[in-house]
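# model the structure of this input:
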Amino acid sequence: MPVNPNDQIKLKKACDQAYDMFPGSCSHAVWHIISQYIPTQNWMDANALMAHIKGQKHWKQVQLAELGRLAREGCLVVGGKTESGNGHVIAAYPGPDRPAGGYAYTKDGKQETLRTRGSYAAALSTSLGAWPGAKSKGDKTVWDPWANDAKFGQVTFWKLELPVPPVASN
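Next up, the predicted model:
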């Protein structure tokens, strides 16, 4: 299937806007991106959004190995993990896959660098927390917000398949 450059441009623009508009809220940032494709999408926090996506026919679960290709094709892919309290949601960002880690963080008052590991799709991620891996405008990967293989293993990814079926009215 040929790649439509307009799809890539639309996805990148939506991701860049979301990063700039909602630097402290992953759920608002991802909602903004989704609303560029589904204008009627209501805002939901990360946990509710992941539960909602899992129950919709126009969202299809995809494997980690597909994310980079799908984003480069301009396909919207949302990933997330629910947690007690606040979960976290991200979007795959169009661009080349890149090594995870390699960025600085502070632990117990000491500056450290997270070791570089594996190659993953780029991510759009914002967060109210201070973890540097959770803030990405394509410069970090879909692994980096969790920076832990056990936690990342619980993240699921979903691609939007358009057209979205109409909502049934009562």
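# any low-confidence regions in the protein?
1-3, 164-170 (pLDDT under 70).
# where exactly do the strands run in it?
Here the chain has its strands, by DSSP state E, at 59-62, 77-81, 88-92, 98-100, 104-107, 110-113, 117-120, 122-125, 136-141, 156-160.
# adjacent strands (with direction) for the fourth one?
Sheet pairing of strand 98-100 (DSSP bridges) gives strand 117-120 (antiparallel).
# and stretch 39-46, how far apart are its ends?
Counting by CA to CA, to the nearest Å, you get 18 Å between the two ends of stretch 39-46.
# end to end, how far does stretch 97-114 reach?
18 Å.
# in stretch 12-24, what's buried?
Of all the residues in stretch 12-24, those buried under the rule 16 or more other CB atoms under 10 Å are 12, 14-15, 18-19, 22. Bear in mind the C-beta positions are built from the backbone N, C-alpha and C, glycine included.
# could I get those residues as a markdown table with distance to residue 57?
Formatted as a markdown table, the buried residues of stretch 12-24 follow (distance: CB to CB, whole Å):
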| residue | distance to residue 57 |
| --- | --- |
| 12 | 27 |
| 14 | 22 |
| 15 | 24 |
| 18 | 24 |
| 19 | 29 |
| 22 | 27 |
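# okay, the strands of the chain in a markdown table with mean neighbour count next?
Below are these laid out as a markdown table (neighbours: other CB atoms under 10 Å):
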| stretch | mean neighbour count |
| --- | --- |
| strand 59-62 | 15 |
| strand 77-81 | 24 |
| strand 88-92 | 29 |
| strand 98-100 | 19 |
| strand 104-107 | 10 |
| strand 110-113 | 9 |
| strand 117-120 | 16 |
| strand 122-125 | 29 |
| strand 136-141 | 22 |
| strand 156-160 | 19 |
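# and of the ones you listed, who's closest to residue 31?
strand 88-92 (8.8 Å; CB to CB).
# any idea how far residue 144 lies from residue 115?
12 Å (CB to CB, to the nearest Å).
# so the helix ranked longest in the chain versus strand 88-92, what angle?
Determined from DSSP state H, the single longest helix within the chain is helix 5-21. Angle between the axes of helix 5-21 and strand 88-92 is 150 degrees (criterion: axes from the mean of the first three to the mean of the last three CA atoms, to 10 degrees).
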